[in-house]
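Chemist: Predicted model, plus sequence, below.
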2 protein chains.
Amino acid sequence: MSISSVTEPPKTKRGETSRAAIFDAALALFLERGYEATTMRAIAERAGVSLGSSYHYFASKEHLVLEFYWHTHQLHVAAIAPLLAREHDLAARLRGVVRAVIVTCEPFHAFAGAIFGTVANPASPLNPFGREAKALRDEVIELYAGVVKGSDARLPADIATELPTLLWLYQMGILYFWIFDRSQGRLRTLDVIDQTTDLIVRLLGLANLPVLRGSRKRVLGLVRSIAAGA
Amino acid sequence: MSISSVTEPPKTKRGETSRAAIFDAALALFLERGYEATTMRAIAERAGVSLGSSYHYFASKEHLVLEFYWHTHQLHVAAIAPLLAREHDLAARLRGVVRAVIVTCEPFHAFAGAIFGTVANPASPLNPFGREAKALRDEVIELYAGVVKGSDARLPADIATELPTLLWLYQMGILYFWIFDRSQGRLRTLDVIDQTTDLIVRLLGLANLPVLRGSRKRVLGLVRSIAAGA
DNA sequence: CAGTAAAAGTGAACACGTTCAACTTGCACT
DNA sequence: AGTGCAAGTTGAACGTGTTCACTTTTACTG
């Protein structure tokens, strides 16, 4: 498990304490008031440090968001460990893992939109495809590689190579849908997850059919070319 | 052709002049310095109005971005008119229309990332799925409905209904890719467009195959359910 | 033409994210 | 104990987007 550092990690005990206090304060305030209504001054005050100190540990308010992503990612990893150990059917693994994403993030739904938007900005180096998010991105892709590898599904090599990246993209799509979902208990998102994971596994089974062979090659070529550029 | 108003339109000649001056100044400054480096004060100054006046016509800096989208949309519509009149092959129409999007937007590539990110924010009512962007969204979807309808392709009714919305989504995906594309002459994006439009048309042809029937129904059901929620 | 209400226009003031130069703390090494 | 230096800390100051109470201009009516 890698260290979830966004900027340079603290080098002293005191530093670690301050950094944690700042992030904890930020998370608490995001929950209480939402992202935009939470000011850096309020975060610093609640954390018991000065405004300047906050910027010593987090280069910007957005960096607090990236740290938040790390936080939820770790919650997610912990949540799915039992499932991944027990279940070996690909569809069930996929469904469970993606459902766990939105269950994990549910407490943060109210401010997820503001947070997602901030970091989705292509101009920011913190955007999902950008430099500063690479460590997290790689870890999530690795997670999905494990979901596929640990299943009893037998996939062609070319698909198995690109699938984890595609599933990472798919997870982002689900999260985007979830942000807009105002249904009770987020049932619509859960339903979409069930249907799409099923569909994905079904299409994977169909990919070997002669009629789809050509399209499959083209799709994978496209995915490789796109992934190479990012 | 609808009026491209973002907030309430001006009611006097003088108002129209001011509004246009503000937008023109904004566009010029975005081109010169980029989006973030352009301040509302600089826009007001170049437009020859006061800071407060800018906010009389555009409720926020983001609203200037939405107006910018209207602007490029109109350029796009004008650019594709000849093609749509002449060409009736669906693949060619689609390729031409999507290529025209990025050709139209090419002069703005440098600041497109900042602009896209600002308005993609799910927390903003200006986001592509949101209330304030509805008029533009509907118009683009209508444009793609025309692309499909004016072609000689014979599509099943259920697909024809949902396809325009999917193509609008597809266009946003292409734009997102284009933003990150740093290749010379944006050749990578053009290549991706050629391949994906071909692929789309091919898959549409395959949708009637018995093996895909089930998946097709599920995909369309999904699309309908997702579109209904937005 | 006078009156008036809506539209257009103004700039000072506010709160925010961020920067920075100066200050304090604590550890390593002699 | 003393010294040096990196890490940690500070809050005033800057520039930004945005708001608002107010003034000026415009268009229309009796």
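Modeler: All right, it came through fine. If you're wondering where the values come from, they're calculated on a predicted model, not measured in any experiment.
Chemist: per the record, what domains does chain A have?
Modeler: A:1-59, A:61-229 (automatic domain parsing).
Chemist: Can I get these in JSON lines including mean neighbour count?
Modeler: For the C-beta atoms, the positions are set from N, CA and C on the backbone; glycine is no exception. Output for the domains of chain A, formatted as JSON lines (neighbours: other C-beta atoms under 10 Å in any protein chain shown):
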{"stretch": "domain A:1-59", "mean neighbour count": "16"}
{"stretch": "domain A:61-229", "mean neighbour count": "17"}
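Chemist: Please see if the longest helix seen in chain A touches DNA strand D.
Modeler: Under DSSP state H, the helix in chain A containing the largest number of residues is helix A:61-86. No. If you take C-beta under 7 Å from any atom of the strand as the test, helix A:61-86 misses DNA strand D, and the best it gets is 12.1 Å.
Chemist: Could you list every helix and strand that that helix packs against?
Modeler: Counting contacts by 3 or more C-beta pairs under 8 Å, 6 or more residues apart in numbering or on different chains; DSSP states H and E, helix A:61-86 packs against helix A:13-33, helix A:90-105, helix A:109-120, helix A:134-149.
Chemist: Skipping adjacent residues, who's closest to A:Arg46 in space?
Modeler: A:Ala25 (3.9 Å; C-beta to C-beta, 6 or more residues apart in numbering or on different chains).
Chemist: Surely A:Ile80 is in contact with A:Val98?
Modeler: No. Taking contacts as C-beta atoms under 8 Å, A:Ile80 lies outside contact range of A:Val98: 9.6 Å.
Chemist: got the contact list for A:Cys105?
Modeler: A:Cys105 makes contact with A:72, A:112, A:175, A:178, according to C-beta atoms under 8 Å, 6 or more residues apart in numbering or on different chains.
Chemist: ugh, typo on my part, it should be A:Asp198
Modeler: Taking C-beta under 8 Å, 6+ apart, one finds A:91, A:95, B:218 in contact with A:Asp198.
Chemist: Say whether DNA strand C is contacted by stretch A:102-118.
Modeler: No. Between stretch A:102-118 and DNA strand C, judged by C-beta under 7 Å from any atom of the strand, nothing touches; the nearest distance is 9.6 Å.
Chemist: so how far is A:Leu206 from A:Arg216?
Modeler: Remark: distance between A:Arg216 and A:Leu206 (C-beta to C-beta, to the nearest Å) = 9 Å.
Chemist: And the pLDDT for A:Ala227?
Modeler: We have a pLDDT of 81 for A:Ala227.
Chemist: Leaving out the residues flanking it, which one is nearest to it?
Modeler: Nearest to A:Ala227 is A:Thr165, by C-beta to C-beta, 6+ apart, at 5.6 Å.
Chemist: on that earlier part again, with pLDDT and distance to B:Ala47 as added columns, please give the contacts of A:Asp198 in a markdown table.
Modeler: Below are these laid out as a markdown table (pLDDT from 0 to 100; distance: C-beta to C-beta, whole Å):
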| residue | pLDDT | distance to B:Ala47 |
| --- | --- | --- |
| A:Ala91 | 98 | 58 |
| A:Arg95 | 98 | 54 |
| B:Arg218 | 89 | 52 |
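Chemist: need these in CSV with distance to DNA strand D, can you?
Modeler: Compiled in CSV, these are given as follows (distance: C-beta to the nearest atom of the strand, whole Å):
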residue, distance to DNA strand D
A:Ala91, 45
A:Arg95, 40
B:Arg218, 42
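Chemist: nearest to A:Gly52, of these?
Modeler: Nearest to A:Gly52 out of these is A:Arg95 (C-beta to C-beta; 46.5 Å).
Chemist: right, and the closest one touches A:Thr196 too?
Modeler: No. At 9.2 Å, A:Arg95 and A:Thr196 do not qualify as touching, with contact defined as C-beta under 8 Å.
Chemist: which stretch among the helices and strands packed on helix A:61-86 comes nearest B:Ala59?
Modeler: Among these, the nearest to B:Ala59 by C-beta to C-beta is helix A:109-120 (17.9 Å).
Chemist: Phi and psi next, for A:Glu132.
Modeler: In terms of degrees, to the nearest 10, the main-chain angles of A:Glu132 are phi -70, psi -20.
Chemist: Is the longest helix of chain A in proximity to DNA strand C?
Modeler: Yes. Under the criterion of C-beta under 7 Å from any atom of the strand, DNA strand C is reached by helix A:61-86 at A:61-62.
Chemist: State the mean pLDDT of that helix.
Modeler: 97.
Chemist: Stretch A:176-187 now?
Modeler: Rounded mean pLDDT across stretch A:176-187 is 95.
Chemist: again with stretch A:198-217
Modeler: According to the model, stretch A:198-217 has a mean pLDDT of 89.
Chemist: Quick check: end-to-end length of that stretch?
Modeler: With C-alpha to C-alpha, to the nearest Å as the measure, stretch A:198-217 spans 22 Å from end to end.
Chemist: Check the offset of that stretch from the chain's centre.
Modeler: 26 Å (C-alpha atoms, centre = their mean, to the nearest Å).
Chemist: Stretch A:92-101 too?
Modeler: For stretch A:92-101, the distance to the chain centre is 13 Å (C-alpha atoms, centre = their mean).
Chemist: wait, does that stretch make contact with chain B?
Modeler: No. Stretch A:92-101 lies out of reach of chain B by C-beta under 8 Å from any C-beta of the partner chain, never closer than 14.6 Å.
Chemist: same check, this time on stretch A:116-128
Modeler: Yes. Residues of stretch A:116-128 are located near chain B by C-beta under 8 Å from any C-beta, namely A:116-118, A:120-124, A:127.
Chemist: Determine which two of the residues you listed are furthest apart.
Modeler: Farthest pair in these, by C-beta to C-beta: A:Phe116 and A:Ala123, 15.3 Å.
Chemist: which other residues reach stretch A:45-57?
Modeler: With C-beta under 8 Å, 6+ apart, stretch A:45-57 has contacts from A:7, A:10, A:15, A:18-19, A:21-22, A:24-26, A:28-29, A:40-41, A:43-44.
Chemist: Show residues contacting stretch A:171-178.
Modeler: A:98, A:101-102, A:105, A:109, A:112, A:116, A:128, A:140, A:144, A:186, A:189, A:192-193, A:196, B:122, B:226.
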